[in-house]
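> Sequence plus the predicted model coming up.
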Amino acid sequence: MTGLKIIDDPAALSFFLTEALYAVKEPAPVQPGQRGKPEPTPADHPASSKVKEEPEVYHYLGENRRFVLVLVNYPDEKHLPEVEKAYLLKVLGAVKLGLDDVAVLNYAHYPRRKFAELKAFFAFNYLLLFGVSPLSLEIPGPILPYHLGLVEDVKILAADSTEIFRPDNARKKALWEELKKTFS
């Protein structure tokens with residue numbers, strides 16, 4: 001042990017400690033003469049501890065190969081009624097989009113999810129809203145019904161649900177004109 005030198009440089013310690021160290025606050029021990037449990041600190045309170053939320057699992061139709069998110073609103077359906085699905089696919093097919101190209105999500109089951117969260121998950125470049133209000137998504141910018149909008153490099157088109165615009169020729173025409181602009 002002769003020839004060893006004591007080093008007082010704090011940086012030298014980092015060569016010996018290669019594992020991460022964590023400080024854990026333990027409750028203060030009960031002192032002799034003190035009764036019961038020690039007073040809880042704010043850090044001991046369960047409401048103050050932050051619970052990590054599990055990531056949302058989205059149940060949607062399609063493969064999203066062209067990064068197109070289609071939001072519909074059917075509270076009593078898993079996705080959307082078969083009649084409306086067939087009509088929606090017909091509308092999308094008119095602009096050469098199929099179920100493989102889009103993700104169809106029933107927003108009625110995810111009302112707390114906002115534009116930024118959906119964009120982070122689906123990475124969409126196009127957002128089609130059928131019966132979903134742009135206000136409920138907290139989209140950062142004005143979106144007018146049946147008019148193409150551009151927010152954060154995302155083309156957004158909001159329209160009524162298929163049950164409403166299907167029998168209305170004026171709305172169908174307005175939607176068709178905007179869909180042509182969006183996907184041309």
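Yep, it's here. Remember, it's a predicted structure, so these values are computed and weren't measured experimentally.

> Check which helix or strand the residue nearest to Leu150 when sequence neighbours are not counted maps to.
Once flanking residues are discounted, Leu150 sits nearest to Ile156: 7.2 Å by C-beta to C-beta, 6 or more residues apart in numbering. Glycine gets a C-beta too; all of them are placed from N, C-alpha and C. Per DSSP states H and E: Ile156 is located in strand 154-159.

> Check which helices and strands that strand is in contact with.
Helices and strands touching strand 154-159, as assessed by 3 or more C-beta pairs under 8 Å, 6 or more residues apart in numbering; DSSP states H and E, comprise strand 126-130, strand 149-151, helix 169-182.

> need these in TSV with distance to Pro111, can you?
Conversion of these to TSV gives the following (distance: least, C-beta to C-beta, whole Å):
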stretch	distance to Pro111
strand 126-130	14
strand 149-151	20
helix 169-182	24
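
> Turn the ones you listed into CSV, including distance to Glu82, mean neighbour count and mean pLDDT.
Output for those, formatted as CSV (distance: least, C-beta to C-beta, whole Å; neighbours: other C-beta atoms under 10 Å; pLDDT from 0 to 100):
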stretch, distance to Glu82, mean neighbour count, mean pLDDT
strand 126-130, 15, 24, 96
strand 149-151, 30, 14, 93
helix 169-182, 20, 15, 92
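
> quick one on the thing from earlier: now the angle from the strand holding Ile156 to helix 169-182?
170 degrees (axes from the mean of the first three to the mean of the last three C-alpha atoms, to 10 degrees).

> Strand 126-130 and strand 154-159, what's the angle between them?
Using the same axes, to 10 degrees: strand 154-159 against strand 126-130 is 10 degrees.

> Contacts for strand 154-159, please.
Outside strand 154-159, the residues that touch it by C-beta atoms under 8 Å, 6 or more residues apart in numbering are 119, 124-130, 132-134, 139, 143-150, 165, 171, 175, 178-179, 182.
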